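[1] sequence first, predicted model second:
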Amino acid sequence: MKIRIALLTLLMMLFCSAAQAEENFWSLITKEGTVLTQIAYEPDKGDEYISGDNVLYRVVEISGDKAIVEKAGDVTLPDVSWLDGQEVVPVSVMDGERLICLYCTHSDESYEPSDGTYSNDKRGSIYEIAHELADALEEDGVTVHVSDSLHHPHDAGAYRRSRQTAVALLKQGMPDALLDIHRDGIPNPDEYAATIGGKPCSKIRLLVGRGNQNMAVNKEMALTIKAVADHVYPGLIKDIYMGKGAFNQDLSPNSLLLECGTYTLKKERVMASMPLMANVLRRALYGGVTGSAGASDVKGNASDESGGVTQGDPDPVPVSEDGKGSGSGMIWLLIVVLGGGLLLCILSSGSLKGGMKKASRNLREATGGLVGKKPEEGEDPQHSGGK
């Protein structure tokens, strides 16, 4: 009886945990029925979406948890060809201190696989992400102010509460960028999972609020960040969403919301992306190499004693989505295994012809006749071949 009660209690806890982990999300779908992506904030007609391959879509209809979009054309990103040379052409030339401010509106946000919960009502691990980004930026010679202020609960009033935090940061000095650090609430981790430079990482989504006077400037900043990232770490920037509302981006130009992974993704993957994102931000805002830029070099270029990279900034590092590209590795593994098996058959039979026959016979036996003809009963698999 006690065992039954314990099992029932455990099942109830699991059920409640699963129910709690469900967050509202919507799918962006073309009129032809193609699902482009998912978002965890309520879409509105007129919202715009720039996909990873730089195609612009516009929301034309909302139907339940689906946002119907139509293609509005291709997007031409800002020219960042200057990244190929040593010339420094910053997006905005600013004298004095290079300053970026970070805060977290949804201060409960966490990563379920690593933290055991998607929401921590004390302090979410999203602050760890913010500080990891800050540390990487500071290594690149940028001053960073990070606010650890909490804005619980995670409700419609969170942006009103975090607005006070953003205002307090702005009073410390006008930053070159004001960034609100989040993690997404969509359930599919594969939307964000990526491998960059051979390391498991997370993609990052940029969110621009349509309902403020700084929208054009903030959108241009987002496009520049994507252009730089596409050049240096292709695929790091997942996409750009321009949604209704202000997201406190009316307070200052060059304000963005960064979705750093989603709650079903391991936190460690998101942490691994922060040095890459810092490198992209530094280049997009300030241009050429500053500080110990080698810290962001995933190629492993040697750094000199001053912290600079001896071989220059890293060349473009390809990104691959998890689950994709693994097929080629399996093919090579299969080739190696089959080749080794064939060699053993040749050596054991003493001739190429006998080895080929023996390998064929072994393959038929191993696959039960799925490949080739299944051996007849009584046929000796060790002696079916000839000399």
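    Done, it's in.

[2] you'd agree residue 247 is in a strand?
    No: assignment of residue 247 by DSSP: H, G, I helix; E, B strand; the rest coil gives coil, placing it outside any strand.

[3] pretty sure it is touching residue 210, no?
    No: using C-beta atoms under 8 Å, residue 247 makes no contact with residue 210, being 9.5 Å away. Where C-beta positions appear, they are placed from N, C-alpha and C, glycine not excepted.

[4] the more surrounded of the two?
    residue 247 (26 against 19; other C-beta atoms under 10 Å).

[5] which helix or strand contains the nearest residue in space to residue 203 that is not next to it in sequence?
    Distances taken as C-beta to C-beta, 6 or more residues apart in numbering place residue 238 nearest to residue 203, at 3.8 Å, with adjacent residues excluded. In the assignment (DSSP states H and E), residue 238 maps to strand 237-243.

[6] can you give me the pLDDT of the residue nearest to residue 203?
    Listed pLDDT for residue 238 reads 98.

[7] what does residue 85 give?
    73.

[8] check contacts around it.
    The contact partners of residue 85, by C-beta atoms under 8 Å, 6 or more residues apart in numbering, come to none.

[9] with residue 287 as the reference, measure out to it.
    11 Å (C-beta to C-beta, to the nearest Å).

[10] can you check residue 131 too?
    25 Å.

[11] just residue 271 next, same as before
    According to C-beta to C-beta, residue 271 stands 26 Å off from residue 287.

[12] what's the neighbour count on residue 78?
    By other C-beta under 10 Å, neighbour count at residue 78 equals 14.

[13] surely it meets residue 221?
    No: using C-beta under 8 Å, residue 78 is not in contact with residue 221, being 9.8 Å away.

[14] confirm that residue 275 sits in a strand.
    No: per three-state DSSP, residue 275 lies outside any strand segment and is helix.

[15] that one: neighbour count?
    Per other C-beta under 10 Å, the neighbour tally for residue 275 reads 21.

[16] what strand or helix carries the nearest residue to it once chain neighbours are set aside?
    Excluding the flanking residues, the one nearest residue 275 by C-beta to C-beta, 6+ apart is residue 136, at 4.3 Å. In the assignment (DSSP H and E), residue 136 maps to helix 126-139.

[17] give me the buried positions along the helix or strand following that helix.
    The helix or strand immediately downstream of helix 126-139 is strand 143-146, counting by DSSP H and E. Under the neighbour-count criterion of 16 or more other C-beta atoms under 10 Å, strand 143-146 has 144, 145, 146 buried.

[18] identify, from those, the entry nearest to residue 283.
    Minimum distance to residue 283 across the buried residues of strand 143-146 is 15.9 Å, recorded for residue 144 (C-beta to C-beta).

[19] how many neighbours does the residue nearest to that closest one when sequence neighbours are not counted have?
    When the adjacent residues along the chain are set aside, residue 144 lies closest to residue 134, with 4.1 Å between them (C-beta to C-beta, 6+ apart). Residues lying near residue 134 (other C-beta under 10 Å) number 22.

[20] list the contacts of residue 134.
    If you count contacts by C-beta under 8 Å, 6+ apart, residue 134 has them with 102, 144, 146.

[21] which SSE is the closest residue to residue 251 other than its chain neighbours in?
    Among residues not flanking residue 251 along the chain, residue 166 sits closest, at 5.4 Å (C-beta to C-beta, 6+ apart). Using DSSP H and E, residue 166 sits in helix 158-171.

[22] counting contacts, what elements does the helix or strand following that helix pack onto?
    Next helix or strand after helix 158-171 toward the C-terminus (DSSP H and E): strand 177-184. Under the contact definition 3 or more C-beta pairs under 8 Å, 6 or more residues apart in numbering; DSSP states H and E, strand 177-184 sits against strand 99-103, helix 126-139, helix 158-171, strand 255-262, helix 267-286.

[23] so which of those comes closest to residue 31?
    Taking the helices and strands packed on strand 177-184 one by one with C-beta to C-beta, strand 255-262 is closest: 25.7 Å.

[24] what pairs with that closest one, parallel or antiparallel?
    Strand 255-262 has the following strand partners under DSSP bridges: strand 177-184 (parallel), strand 204-209 (antiparallel).

[25] now mean neighbour count too, for those, in TSV please.
    Shown next, in TSV, are those (neighbours: other C-beta atoms under 10 Å):
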stretch	mean neighbour count
strand 177-184	26
strand 204-209	24
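
[26] including distance to residue 153 and mean pLDDT, could the ones you listed go into TSV?
    Compiled in TSV, the strands paired with strand 255-262 are given as follows (distance: least, C-beta to C-beta, whole Å; pLDDT from 0 to 100):
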stretch	distance to residue 153	mean pLDDT
strand 177-184	15	98
strand 204-209	21	98
